[in-house]
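Undergrad: any chance you can model this:
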Amino acid sequence: MYIGSIDQGTTSTRFIIFDKQGQIISLAQKEHAQLYPQPGWVEHNPDEIWCNTKEVIQKALKQANLTPKDLVAVGITNQRETTVMWNRYTGKPYYNALVWQDTRTSALVTELSAEAGPDRFREQTGLPLATYFSSLKIKWLLKNVATLEKDALKGEVLFGTMDTYLLWHLTGGMKGGLHLTDVTNASRTQLMDLRTLQWDEGLLETFGIPRSILPKIRSSSEVYATAKGVLEGVPLAGILGDQQAALVGQTCFRPGEAKNTYGTGCFMLLNTGDSLTQSTHGLVTTVAYQLGNQPVQYALEGSVAIAGALVQWLRDNLGLIEKSSDIETLARTVEDNGGCYFVPAFSGLYAPYWRSDARGVVAGLTRFVTKGHLGRAALEATAFQTLEILEAMEKDAGVRLSELRVDGGMTVNELLMQFQSDLLNVPVVRPTMIETTALGAAYAAGLAVGYWKDLDDLRQNWGIEKTWKPQMPRAKRNAMYRSWRKAVRRSFGWEE
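TA: Next up is the predicted model:
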């Protein structure tokens, strides 16, 4: 028997089937369209994502010659904060999903920050006011989409992050579909109190959001329901936001253990156990996971909006490379970045700056710079942003990281991993299984149904595939970091 995992990401949806050792038995993946109706607006079509989800489930099962009966449970992991609102009676979305990267709510950030600053809700939610989180996306949709607010007040509207939307469809949709989310996703909406783990009435009032549209909040690992349709009869038993799923997939269960995921964006999480640590250095406090009725575990998180997305931009918008994997070959055509630094603040800067007025810049250009230098600077941008987050994390948590566990698509890039180790001055460790996000959701589901006994069972599955050790002289590292920070400051204040 096996465990299935739906990994609904920013650029694609995948279904992965794992065995007891956490090894992949079958994988199917399908990209969905990235919609940019205006500068700074980023949308997805929820119907397309639901169709793709059904397609990849069927494809992965067929490839392995399995049926739903061969799965003991399925977990869901998802791009967090992305906001979709649909009609409970027709199942139709009122509007495209607003993606976590979308910046259309920046005027609302300014408006709400004017009263008590950007940290006015941080004490309850762990989050600053930013375009990133779901609260303002919901507010924008209610105010700007015809009939939505009226229908919401009549009780016809459902809100969800992508886990909630998929779970509702997988459990029957209009015919009794379950409307719920888990604590990790709820903690990214900016509407849940981190201590009570419930929707906060005061926040709902401030944002103008009717209570009736919100899903029930449950733990990250329990049997929620039995699926109908494409996964007929399979227990749906785990939900984790993608970055929390990667933390679980990397088996970072002890306080002080951290992982960094290199995907569309870049996300570092540090497990702080059952103590809630408020950041004073620009990070966010978030729920790490809650396994069944055990105490909730917390994490500090640093989020980078643009990491792998910058490589896609070089591919799709500039045509510098044909496929994403070509970036390493391009970057290796030169010895260094040629004095050129790329700050990819396409949708503002997230941690540790939280500057929605920043926009992307390339600094230090001379006639010497080639496309190879640009490619290298693009890769280095991800590593520099990670260094800034690690520094903030060490200050907040008062711990010095001894190694960094990494996962996600960009970790196959050996040049980037070595540069990351050089910058951080600690070993960078890539596990044998880099699909840790999907694996984390599988672990949550498997624990709920007893497929895995306990956390030690999961730790035994974790193995090291490769370790990079720092090689760069300190003087060079410091000089590059100074230049990077100078370039970051040049990106501030671009948007009025």
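
Undergrad: how about residues contacting stretch 111-122?
TA: Residues from elsewhere that reach stretch 111-122 (Cβ atoms under 8 Å, 6 or more residues apart in numbering): V109, L127, P128, L129, A130, L136, Q190, L203, T206, Q278, T285, W354. In short, each C-beta sits where N, CA and C put it, glycine included.

Undergrad: closest one of those residues to P68?
TA: Nearest to P68 out of these is Q190 (Cβ to Cβ; 36.1 Å).

Undergrad: so who does the closest one touch?
TA: Q190 neighbours (Cβ under 8 Å, 6+ apart): F121, T125, L127, L129, F133, S134, S135, L136, L203, F207.

Undergrad: then F253?
TA: Here F253 is in contact with N271, Q297, L455, L458, R459 (Cβ under 8 Å, 6+ apart).

Undergrad: redo that, cut-off 6 Å
TA: Applying Cβ atoms under 6 Å, 6 or more residues apart in numbering, we find F253 in contact with L455.

Undergrad: before we move on, what about G40?
TA: T103.

Undergrad: coming back round to it: just the ones in strands from the contacts of stretch 111-122, please.
TA: T285 (DSSP state E).

Undergrad: out of the contacts of stretch 111-122, flag the one nearest to R489.
TA: Distances from R489 to the contacts of stretch 111-122, taken as Cβ to Cβ, are shortest for W354 (14.7 Å).

Undergrad: OK, contacts around A107?
TA: Applying Cβ under 6 Å, 6+ apart, no residues contact A107.

Undergrad: which stretches of the stretch 301-450 of the chain form helices?
TA: 308-316, 326-331, 371-397, 414-424, 436-448 (DSSP state H, counting those that start in this stretch).

Undergrad: switch the ones you listed over to TSV; also include mean neighbour count and mean pLDDT.
TA: TSV is the format used below for the helices of the stretch 301-450 of the chain (neighbours: other Cβ atoms under 10 Å; pLDDT from 0 to 100):
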stretch	mean neighbour count	mean pLDDT
helix 308-316	20	93
helix 326-331	20	95
helix 371-397	22	93
helix 414-424	21	96
helix 436-448	31	96
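
Undergrad: closest to V234 out of these?
TA: helix 436-448 (9.5 Å).

Undergrad: helix or strand next in line after the closest one, which one?
TA: Next along the chain after helix 436-448, taking DSSP states H and E as the criterion, comes helix 455-461.

Undergrad: rewinding a little: now the helices of the stretch 301-450 of the chain as TSV including distance to K54?
TA: Output for the helices of the stretch 301-450 of the chain, formatted as TSV (distance: least, Cβ to Cβ, whole Å):
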stretch	distance to K54
helix 308-316	25
helix 326-331	32
helix 371-397	33
helix 414-424	34
helix 436-448	17
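
Undergrad: where does this structure dip in pLDDT?
TA: Counting by pLDDT under 70, not a single residue of the chain qualifies.

Undergrad: tell me which residue lies farthest from the centre of it.
TA: Residue farthest from the centre of the chain, counting by Cα atoms, centre = their mean, is R367 at 37.6 Å.

Undergrad: distance of it from C340?
TA: Computed as Cβ to Cβ, to the nearest Å, the R367 to C340 distance reads 12 Å.

Undergrad: and what of G302?
TA: 25 Å.

Undergrad: which of those two has more neighbours?
TA: G302 (28 against 23; other Cβ atoms under 10 Å).

Undergrad: which parts of the stretch 101-250 of the chain are strands?
TA: Ranges of strands in the stretch 101-250 of the chain, per DSSP state E, counting those that start in this stretch, are 157-160, 180-182, 216-218, 221-226, 235-241.

Undergrad: and the first one, what other elements does it pack with?
TA: Using 3 or more Cβ pairs under 6 Å, 6 or more residues apart in numbering; DSSP states H and E as the contact criterion, the neighbours of strand 157-160 among helices and strands are strand 84-87.

Undergrad: could you rerun that using 8 Å?
TA: strand 84-87, helix 162-170 (3 or more Cβ pairs under 8 Å, 6 or more residues apart in numbering; DSSP states H and E).

Undergrad: how far away from the center of its chain is the longest one?
TA: So that's helix 162-170. Relative to its parent chain, helix 162-170 has a centroid offset of 17 Å by Cα atoms, centre = their mean, to the nearest Å.

Undergrad: buried ones in that helix?
TA: M162, D163, T164, Y165, L166, L167, W168, H169, L170 (16 or more other Cβ atoms under 10 Å).

Undergrad: tell me the angle it makes with helix 436-448.
TA: Here the directions of helix 162-170 and helix 436-448 differ by 60 degrees (axes from the mean of the first three to the mean of the last three Cα atoms, to 10 degrees).

Undergrad: ok and helix 162-170 relative to strand 235-241, angle-wise?
TA: 160 degrees.

Undergrad: all set now, cheers.
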